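**Q** what follows is a predicted structure for the sequence shown.
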Amino acid sequence: MNAIIKEKIAHWKNKIKKTGIQSIDKHHLKFIDLYEHFSMMQEKKSCVEEITSLFYKLSFHVENYFLEEEIYLKQYNYPKLQEHQEAHNAFIQRILYFQREYQAGNTDICFPIIEYLEEWFDEHIIQSDNEAVDFLLQHDAK
C-alpha cells in the first residue's frame, strides 16, 4: 500500500471520535477497511475484476451502519437527524450511480469510487459523525 493511503488511514483513525457504543465505533473502522480494500485493488489494477464483490461489501456495510447509527440518533433525539439521514441517502444514491455506471460498461469507475469514499470520510464521518458523537456522549448514550 502506498504511503499516501497509509497516511490518510492513520489520519482518519486519529480523527474518529470513539463513542463507547461498540457498533458505531466498529462500523467506522470497517469503513476504513473497505476504503483500504478498494485502494489496494486499484493499486494492484484488479479493482474491475473484484468490483462486484466490493459493491456488495460496501452496500451490506452501509445498510447496517446507517441503520444502527440512525437508531441511536433517533433514540437520543438528535436535532440534526433528518440532515444526517439525507446525507446517508445521498451516499447510497451515489454508490448506486457507480454501480449503474459499471454495469453500463464504465470500467474506469474504481478511482472515482475511491475519491468519493475519501470525500465521504472527510466530510461526513470526520465532521458530521463526530458532531453526532459529541451529542451522544453529552447525553450519556450507551
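**A** That came through fine.
**Q** where does the chain dip in pLDDT?
**A** 1 (pLDDT under 70).
**Q** biggest helix in it, by residue count?
**A** Criterion DSSP state H: the longest helix present in the chain is helix 47-75.
**Q** what is that one packed up against?
**A** helix 22-43, helix 81-103, helix 110-120, helix 130-138 (3 or more Cβ pairs under 8 Å, 6 or more residues apart in numbering; DSSP states H and E). C-beta coordinates here come from the backbone N, C-alpha and C atoms, glycine included.
**Q** same list (those) but as a markdown table, adding distance to N14 and mean neighbour count.
**A** As requested, the helices and strands packed on helix 47-75 are exported to a markdown table (distance: least, Cβ to Cβ, whole Å; neighbours: other Cβ atoms under 10 Å):
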| stretch | distance to N14 | mean neighbour count |
| --- | --- | --- |
| helix 22-43 | 11 | 17 |
| helix 81-103 | 22 | 15 |
| helix 110-120 | 16 | 17 |
| helix 130-138 | 12 | 17 |
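**Q** thanks again, I'm all set now.
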